[in-house]
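S.K.: Okay, predicted coordinates and the sequence, questions at the end:
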Amino acid sequence: MKKINENILKSLNNELKRQQNHIELIASENYVSEAVLTLSGSILTNKYAEGYPGKRYYGGCEFIDEIENLGIELAKKIFKADHANLQPHSGSQANEGVYRALLEHGDKIVAMSLDAGGHLTHGYPINFSGKHYDFKHYGVNKDTEEIDFDEVRKIVLQHKPKLIVAGASAYSKIIDFKKFKEIADEVEALLMVDMAHIAGLVAGGAHPNPMEYADVVTTTTHKTLRGARGGMILCKKSLAKKIDAAIFPGIQGGPLENQIAGKVQALYEADSQEFKDYAKQIVVNAQAFAKALQNEGIRLVANGTDNHLITIDVKSGFGVTGKDAEKILEKIGIVTNKNMIPFDDEKPFITSGVRVGTPAMTTRGFKEAEFVKVASIISRSLKNQSEANLLALSKEVSDLCEKFPIYKNIKY
Ligand code: PLP
């Protein structure tokens with residue numbers, strides 16, 4: 001076997017140590033199983049397989065077809081969908097594929113704004129979505145910081161979009177897909193749900209399934225779903241042909257069959273009682289974490305969480321920006337990301353908030369007690385940023401990491 005180049009090897013080992021020695025609170029990250037890692041780095045990377053199972057533009061695809069078909073059937077079963085496409089290289093490409101399948105450039109779409117929790121691909125002006133389509137945005141209610149369906153309805157009735165997008169990157173409450181569907185029906189719009197963040201919760205029964213109401217559902221496969229990095233689209237039978245054609249040959253060439261195998265493995269793992277328990281624990285942990293943060297006197301966006309994530313208003317709680325809070329926490333070994341809060345007066349690169357989530361550390365075995373400890377560490381670090389205090393807190397962080405090891409058998 002060829003040796004890994006020593007320059008890459010050094011960084012790879014440092015990254016392994018970083019993942020092992022930090023408390024990972026980025027809500028969109030997770031630790032995949034060693035089986036998923038093996039498949040992602042397998043010989044499947046060698047194979048060209050443009051097309052779909054049974055209809056490829058290359059020879060030698062019989063085993064690739066078997067793997068992709070297993071994933072399609074599993075995804076349909078888990079999410080109760082008529083059709084599944086596992087080929088999108090990412091969540092962004094899944095979204096682009098849907099827009100291209102269902103719309104023309106310039107068509108109207110109603111989606112959540114970025115500062116309320118939406119994603120770049122939901123119409124941010126410098127993203128392809130905002131450039132090619134005419135997005136109108138809804139936000140959250142100023143008092144509750146939850147989706148304001150009166151506002152959604154008003155915007156939809158005013159603009160009569162062809163597509164409504166529900167789903168977000170930083171929204172901590174259960175999304176009422178039925179209400180979205182009722183509003184979409186009023187103007188005969190299609191409903192797309194981007195469940196990238198909550199797909200694992202949906203698979204594990206800890207969040208309502210959007211497929212019950214949506215025409216099409218997009219997702220990433222690497223967040224709460226804990227699979228190989230990439231995207232996936234689920235849809236009604238009537239849209240299947242259009243969706244498939246929009247991904248290939250529309251916006252992609254050869255599918256990443258190594259990544260697809262890593263998605264299929266994750267779907268097998270998700271189709272189990274163990275994963276149901278995991279999904280439930282993610283939410284139980286997030287709620288215990290939220291309560292402990294609030295007990296420290298910290299303000300949380302939307303007053304807490306129903307899912308895997310929490311947005312902390314660090315500016316009102318500690319007088320620091322999201323950018324500074326992210327840096328201070330990283331100093332003591334806690335990884336988070338700065339995040340806009342609703343009606344934020346700071347720019348997206350500064351922000352007033354920090355987004356935290358429980359999926360990754362729940363994978364490592366954290367329960368409520370550990371998240372209560374983490375809440376206390378966060379609070380103490382942001383209240384007293386002296387070197388001596390941060391040093392003492394980083395020791396508490398490394399003790400917790402040692403107690404909950406990950407990837408013990410991995411050696412590069
Ligand atoms: N949609 C939502 C709601 C997301 O949160 C993300 C990623 O953070 C995406 C889409 C895009 O996924 P990717 O980073 O794989 O392009």
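M.R.: Sure thing, it's come through. All of these numbers come straight from a predicted model, not from anything done at the bench.
S.K.: What parts of the chain come near the ligand?
M.R.: 28, 90-92, 95, 119, 121, 167-169, 194, 196-197, 220, 231 (Cβ under 6 Å from any ligand atom). For the C-beta atoms, the positions are set from N, CA and C on the backbone; glycine is no exception.
S.K.: Tell me which of those fall in helices.
M.R.: The members of the residues of the chain next to the ligand that map onto helices under DSSP state H are 91, 92, 95.
S.K.: okay if I get these as CSV plus distance to residue 203, neighbour count and pLDDT?
M.R.: Shown next, in CSV, are those (distance: Cβ to Cβ, whole Å; neighbours: other Cβ atoms under 10 Å; pLDDT from 0 to 100):
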residue, distance to residue 203, neighbour count, pLDDT
91, 16, 27, 98
92, 21, 19, 98
95, 20, 28, 98
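S.K.: Go through the residues you listed and name the one nearest the ligand.
M.R.: residue 91 (2.5 Å; Cβ to the nearest ligand atom).
S.K.: so that closest one touches residue 217, yeah?
M.R.: No - using Cβ atoms under 8 Å, residue 91 is not in contact with residue 217; the gap is 11.7 Å.
S.K.: which one's the longest helix in the protein?
M.R.: The longest helix of the chain (DSSP H) is helix 273-295.
S.K.: what mean pLDDT does the very next helix or strand once past that one have?
M.R.: With elements assigned by DSSP states H and E, the helix or strand that comes after helix 273-295 is strand 309-313. Average pLDDT, strand 309-313: 98.
S.K.: How about stretch 50-66?
M.R.: Mean predicted confidence for stretch 50-66 is 98.
S.K.: Not counting its neighbours along the chain, what's nearest the spatially most central residue of the chain?
M.R.: Note on the chain: the residue nearest the mean C-alpha position is residue 197, at 3.0 Å, using Cα atoms, centre = their mean. Nearest non-adjacent residue to residue 197, counting by Cβ to Cβ, 6 or more residues apart in numbering: residue 223, 5.6 Å away.
S.K.: I'd assumed the one you found was in a helix, is it?
M.R.: No - assessed with DSSP: H, G, I helix; E, B strand; the rest coil, residue 223 is coil; it does not lie in a helix.
S.K.: what number of residues lie near it?
M.R.: For residue 223, the count of nearby residues is 28 (other Cβ atoms under 10 Å).
S.K.: can you give me the strands in the stretch 101-250 of the chain?
M.R.: With DSSP state E, counting those that start in this stretch as the criterion, the stretch 101-250 of the chain has strands at 108-112, 134-138, 163-166, 190-194, 216-220, 231-235.
S.K.: Who are the contact partners of residue 46?
M.R.: By Cβ atoms under 8 Å, 6 or more residues apart in numbering, the contact set of residue 46 is empty.
S.K.: cutoff 10 Å now
M.R.: 257, 258 (Cβ atoms under 10 Å, 6 or more residues apart in numbering).
S.K.: same check, this time on residue 125
M.R.: Contacts of residue 125 by Cβ under 10 Å, 6+ apart are 114, 131, 135.
S.K.: any idea which of the residues you listed is the one closest to the ligand?
M.R.: Proximity of those to the ligand (Cβ to the nearest ligand atom) peaks at residue 114, which lies at 10.7 Å.
S.K.: Quick one: residues contacting the closest one.
M.R.: By Cβ under 10 Å, 6+ apart, the neighbours of residue 114 are 120, 122-125, 127, 130, 137, 139, 168-170, 340, 344, 348.
S.K.: Which among those residues count as buried?
M.R.: Buried by 16 or more other Cβ atoms under 10 Å: 120, 122-124, 127, 130, 137, 139, 168-170, 340, 344, out of the contacts of residue 114.
S.K.: isn't residue 56 right up against residue 87?
M.R.: No - between residue 56 and residue 87 there is no contact under Cβ atoms under 10 Å: 12.0 Å.
S.K.: for the stretch 251-400 of the chain, what spans make up the helices?
M.R.: Secondary structure of the stretch 251-400 of the chain (DSSP state H, counting those that start in this stretch): helices located at 257-270, 273-295, 314-318, 322-331, 359-363, 368-383, 387-403.
S.K.: hmm, back to that, now the common contact residues for residue 91 and residue 217.
M.R.: Shared contacts of residue 91 and residue 217 (Cβ under 10 Å, 6+ apart): 194, 195, 196, 199, 232.
S.K.: what about residue 284, how many residues close to it?
M.R.: By other Cβ under 10 Å, 16 other residues sit near residue 284.
S.K.: Identify the residues contacting the nearest residue in space to residue 160 that is not next to it in sequence.
M.R.: In space, and not counting its chain neighbours, residue 160 is closest to residue 187: 4.8 Å by Cβ to Cβ, 6+ apart. By Cβ under 10 Å, 6+ apart, the contact list for residue 187 reads 108, 110, 153, 156, 157, 158, 159, 160, 161, 162, 164.
S.K.: same check, this time on residue 94
M.R.: 85-88, 121, 194, 196, 216-221, 230-234, 243, 247.
S.K.: if we can go back for a sec, shared neighbours of residue 56 and residue 87, which are they?
M.R.: By Cβ under 10 Å, 6+ apart, residue 56 and residue 87 have these common neighbours: 49, 50, 68, 254, 255.
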